[in-house]
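# Need coordinates for the following:
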Amino acid sequence: MNNFLSGMLLSLLLLITFILIRTVAGLWTSFEWSLFITTAVFLFYRKKKKWSRKDIVLISLSTVLFYIIFATFGISLVPPEPIRDLGDIVMPYLYAGVFGGCTMIVLFLSGMVFNKQT
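The predicted structure is shown next:
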């Protein structure tokens, strides 16, 4: 349960930093910076808690799960732009899925690499 709470907090951090940086930068730049900040917090928190491999997998999966849930909820309530065609409906959800997959891979690999070093 503690792993899911950590994943939820990391996903909220990822989403909030993405939204804040998105107001001044482009789509991919804001995602890269939000992923960098979230990964730094993840690694710092991992160093303090000494997670096992199972914990790292659960936290990375729960982070992505909550990120996709929160992003989908936000996209459905407040669309990022006026809807003109089918691409305006599908692309935000596709981007959220791609960002979620990238986040899961980065958190999992960075957690495993730094877990091996300690």
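
# Tell me the helices and strands packed up against the helix or strand where Ser30 lies.
Per DSSP states H and E: Ser30 is located in helix 27-49. Using 3 or more CB pairs under 8 Å, 6 or more residues apart in numbering; DSSP states H and E as the contact test, the elements touching helix 27-49 are helix 2-22, helix 53-77, helix 86-117. For every residue, glycine as well, the C-beta is placed using N, CA and C.

# Tally up the residues packed near the closest residue to Ser110 other than its chain neighbours, please.
Using CB to CB, 6 or more residues apart in numbering and skipping residues adjacent in sequence, the residue nearest Ser110 is Thr39, 5.6 Å away. Number of residues near Thr39 (other CB atoms under 10 Å) recorded here: 18.

# Excluding chain neighbours, what is closest to Phe18?
Ser34 (4.0 Å).

# Quick check, that neighbour in contact with Leu12.
No: using CB atoms under 8 Å, Ser34 makes no contact with Leu12, being 11.3 Å away.

# So for the two, which residue has more residues nearby?
Ser34 (22 against 15).

# ok, that one - contacts?
Leu14, Leu15, Thr17, Phe18, Ile21 (CB atoms under 8 Å, 6 or more residues apart in numbering).

# ditto for Ile37
By CB under 8 Å, 6+ apart, Ile37 lies in contact with Leu13, Thr17.

# any residues in contact with both of Ser34 and Leu12?
With CB under 8 Å, 6+ apart, Ser34 and Leu12 have no common neighbours.

# so for stretch 92-101, what's the average pLDDT?
Per-region confidence: stretch 92-101 scores 90 on mean pLDDT.
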